[in-house]
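Peer 1: can't give you the sequence, but here's the structure:
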């Protein structure tokens, strides 16, 4: 395979996967079949493009190839079900609706995936797979479940879509608010994962998540959590370039130089957070954005307001006590001057925290603040659970 053909296939996968799946799913009312057809189309491209050359419109080539596969499957199914249907078969493609309330195919399909007939615990994972092309193993890591369990959830969800005949059409405007939380959860998970099964660079997935977050806020400007998520992602993105030094070594937040943070993104984040606050609809993404806003204050004051951050985490945990929030609370409490209480907070976490690398990183940190034994053992556990070689190198240096 020539490099040109491979690069073209990778680019189209990166830029158009979600859009192509969304269109095919609308047309054929079958998400699993749409994904299978598109996978076959990419495989065909990798076979034919090196010899025939990359087409002028590679996305259209892939769409046509997937359509042919779906038409062939539909024809075979009809002939199997009724052999008399041999002379008449409508080759025309069913069209997606012309008028769409949601101005982006990917976001439209995400709202479809949040249909109330589909189990709530699979809404966001289904979006990550169907719209952004992530595989079950990657998705499982974001939701702290086994890859097998996640794969089973996704298979059942797609079967439910097919068997129930759920229409791939944008929900009515009155239905969107009820589905928004799942859409925002998926966007946030996509940003934090930073990679997917098609080996798209992390930057691309983060950019996709930021774009979708901004689109969701524009689509539903009266929903505070949409603005809260946008603010959160902008604050985190503002510090991204400072996470690694010139040699590629990881730099923790407390050691970063605030002058390296992007002021333009911080301003945008603060504006989004202010917009959310004006709506007076408190929610977890707004609280997380407020925590990041507090960290951003160090750029102006030179100090991190740890007590305020600990208080924000306390509110977040009271209403939305996920594992990440509880670990973050412990670190903030320790930094605010009470490491013993921080250790107690970590001790109180459920057993499944033992498989969560940030838990062990936080534990090592607060044990060090408290001056009690166990820091080295916690670091070793964290190293064993960390895949990123840059983070492993940082933890190994801390161990030394």
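Peer 2: Cool, got the structure. Not measured: the values here are computed from a predicted model. Numbers count the residues shown, from 1 in each chain.

Peer 1: my read: residue 133 touches residue 17, true?
Peer 2: Yes - when contacts are counted by CB atoms under 8 Å, residue 133 is listed as touching residue 17 (4.5 Å). To be clear about C-beta, it is placed using only N, CA and C from the backbone, and glycine gets the same treatment.

Peer 1: helices and strands around the lengthiest helix in the chain, which ones?
Peer 2: For the chain, the longest helix by residue count, based on DSSP state H, is helix 3-28. When contacts are defined as 3 or more CB pairs under 8 Å, 6 or more residues apart in numbering; DSSP states H and E, helix 3-28 sits against helix 31-52, helix 58-81, helix 105-113, helix 123-130.

Peer 1: 7 Å - rerun?
Peer 2: helix 31-52, helix 58-81, helix 105-113 (3 or more CB pairs under 7 Å, 6 or more residues apart in numbering; DSSP states H and E).

Peer 1: Between the ones you listed, which one is closest to residue 276.
Peer 2: helix 105-113 (19.0 Å; CB to CB).

Peer 1: Can you list the buried residues in the closest one?
Peer 2: Neighbour counts over helix 105-113 (16 or more other CB atoms under 10 Å) mark 105-113 as buried.

Peer 1: Just give the closest residue to residue 268, not the sequence neighbours.
Peer 2: Distance criterion CB to CB, 6 or more residues apart in numbering; nearest residue to residue 268, sequence neighbours excluded, is residue 234 at 5.1 Å.

Peer 1: what's the helix or strand for the one you found?
Peer 2: Using DSSP states H and E, residue 234 sits within helix 224-238.

Peer 1: pLDDT of that helix, averaged?
Peer 2: Helix 224-238 shows a mean pLDDT of 97.

Peer 1: starting at the chain centroid, how far to that helix?
Peer 2: 13 Å (CA atoms, centre = their mean, to the nearest Å).

Peer 1: Ok, stretch 385-395 next?
Peer 2: 21 Å.

Peer 1: Could I get the buried residue list for stretch 338-348?
Peer 2: Of the residues in stretch 338-348, 338-339, 342-343, 345-346 count as buried by neighbour count, 16+ other CB under 10 Å.

Peer 1: What is the nearest of those residues to residue 227?
Peer 2: For the buried residues of stretch 338-348, the residue nearest residue 227 by CB to CB is residue 345; the value is 29.6 Å.

Peer 1: Please give me every residue in contact with the closest residue to the closest one other than its chain neighbours.
Peer 2: Leaving aside its chain neighbours, residue 345 sits nearest to residue 330 (4.1 Å; criterion: CB to CB, 6+ apart). By CB atoms under 7 Å, 6 or more residues apart in numbering, the contact list for residue 330 reads 342, 345-346, 362, 366.

Peer 1: okay if I get the residues you listed as JSON lines plus secondary structure and distance to residue 253?
Peer 2: As requested, these are exported to JSON lines (DSSP: H, G, I helix; E, B strand; the rest coil; distance: CB to CB, whole Å):
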{"residue": "342", "secondary structure": "helix", "distance to residue 253": "17"}
{"residue": "345", "secondary structure": "helix", "distance to residue 253": "19"}
{"residue": "346", "secondary structure": "helix", "distance to residue 253": "19"}
{"residue": "362", "secondary structure": "helix", "distance to residue 253": "13"}
{"residue": "366", "secondary structure": "helix", "distance to residue 253": "15"}
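
Peer 1: hmm, which two among these are most spread apart?
Peer 2: Among the contacts of residue 330, 345 and 362 lie farthest apart (CB to CB), at 9.4 Å.

Peer 1: Run a quick neighbour tally on residue 399.
Peer 2: 14 (other CB atoms under 10 Å).

Peer 1: right, I mislabeled it, should have said residue 130
Peer 2: 28.
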